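Peer 1: Okay, sequence plus prediction incoming.
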Amino acid sequence: MQSIFNVTSIYGEYTNKKITILTNFTVNPETVNKKNVNVVDASSGTVVIYKLSVDDNKIIITLKEWPNLEGFYQINVKDIKDMLGRELTNNITKDIKFSADSKYKAVITSPVNNEAVLTEHNLFYFSINRINEDGTITVKPNTELKDIISLPTYNSKLRDSNMKEAILESESGIQYEFQFASDVAFFDIVQSYVSKFTDGLIQLDNGQYYMRARVKEKEDMDGDWSDTITFSVVPNGKDCENNILTEAEKDYLEEVLAPVEFFLEDETELKIVSRSQNGETYPEFYIEFNLDIDASKLPEKIIAYRSDF
């Protein structure tokens, strides 16, 4: 009986941002491309950016962005061959839902969203709460920080009956990852580090930034990223020579202390960055933009015209 070429399993790995397609024979890498191995975010309908690689009998899909834990991905596989030229017996369509490796959640408590942060000695303070599976809150503050700068008053008032301080001996494997970026998509990460504490100090130039955090449990067990917040670092008059701000600094302060809409305004021009290849006929096609599209504002019908008509 002749052996047939088949996909045996498809599974996702959240920590590595990967989806692995396992087959029963060594895959011919020349037959693997984005036409016959396709990934769609079925929950949002957005285009998924990914790259493909082949390792023996595995096809590895590496996502550019962190997987969406709220929805699922549809994987479509067709027309691939093994090294003996045997074609895939059946086309495969499978839904994959990722789950975070750690059940802990991170909630950013400082700075607050859209806050204008005044630095002290060119440093500012940030902190998170860790939300446990039972809903309780755990913090592990770095007690040495109070000797460097004065901590925000609201942080000292966060403790309630539902909050507890982490015990170092019992949580030696738990760490916290913090990322600061100049863009909401975190393509341009300006600071990123891992700490055993739920708070810290950071030095950033004046300007607008985005922050997110997550819990890292043991070596390869990462929790989901927290909600992203945005904040602006502004010059502190106390750190200026003679406590006098220049006219340019005063103008800057007036701008960054404007209403919330200032921080949310996006002046980036909407552009097409990718689309289906010309010269080929598909049952459907896609257009990818450089910004998120509000699906509620799309027209009910979109009409496409052939350029030779």
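Peer 2: On my side now, so go ahead.
Peer 1: could you pull out the helices for the stretch 151-300 of the chain?
Peer 2: 153-156, 247-256, 261-264 (DSSP state H, counting those that start in this stretch).
Peer 1: Which of the ones you listed has the lowest mean pLDDT?
Peer 2: Mean pLDDT values for the helices of the stretch 151-300 of the chain show the minimum at helix 261-264, a mean of 39.
Peer 1: just for the stretch 1-150 of the chain, where's the confidence low?
Peer 2: 1-2, 101, 121, 147-150 (pLDDT under 70).
Peer 1: list the buried ones in stretch 97-109?
Peer 2: 98, 100-102, 104-106, 108-109 (16 or more other C-beta atoms under 10 Å). All C-beta spots, glycine's among them, are computed from the backbone N, C-alpha and C.
Peer 1: Equivalent analysis for stretch 33-42, please.
Peer 2: 36-42.
Peer 1: Can I get that stretch in CSV, CA atoms only?
Peer 2: The C-alpha trace of stretch 33-42 is given here as CSV (Å, rounded to 0.1, in the frame of the first residue of the first chain):
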residue,chain,number,x,y,z
ASN,A,33,4.4,29.8,0.2
LYS,A,34,1.6,32.2,1.4
LYS,A,35,-0.7,31.1,-1.4
ASN,A,36,-1.0,27.6,-0.1
VAL,A,37,-0.3,28.2,3.6
ASN,A,38,-2.7,31.0,4.6
VAL,A,39,-3.5,32.5,8.0
VAL,A,40,-6.5,34.7,8.7
ASP,A,41,-7.6,36.4,12.0
ALA,A,42,-11.1,35.0,11.8
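Peer 1: From the buried residues of stretch 33-42, pick the one nearest residue 5.
Peer 2: The closest of those to residue 5 turns out to be residue 36 (C-beta to C-beta; 13.3 Å).
Peer 1: Would you format the buried residues of stretch 97-109 as CSV with distance to residue 295 and secondary structure included?
Peer 2: Listed next are the buried residues of stretch 97-109 as CSV, based on distance: C-beta to C-beta, whole Å; DSSP: H, G, I helix; E, B strand; the rest coil:
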residue, distance to residue 295, secondary structure
98, 22, coil
100, 26, coil
101, 30, coil
102, 31, coil
104, 31, coil
105, 27, strand
106, 28, strand
108, 27, strand
109, 32, strand
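Peer 1: Pretty sure residue 287 sits against residue 273.
Peer 2: No: using C-beta atoms under 8 Å, residue 287 makes no contact with residue 273, being 9.2 Å away.
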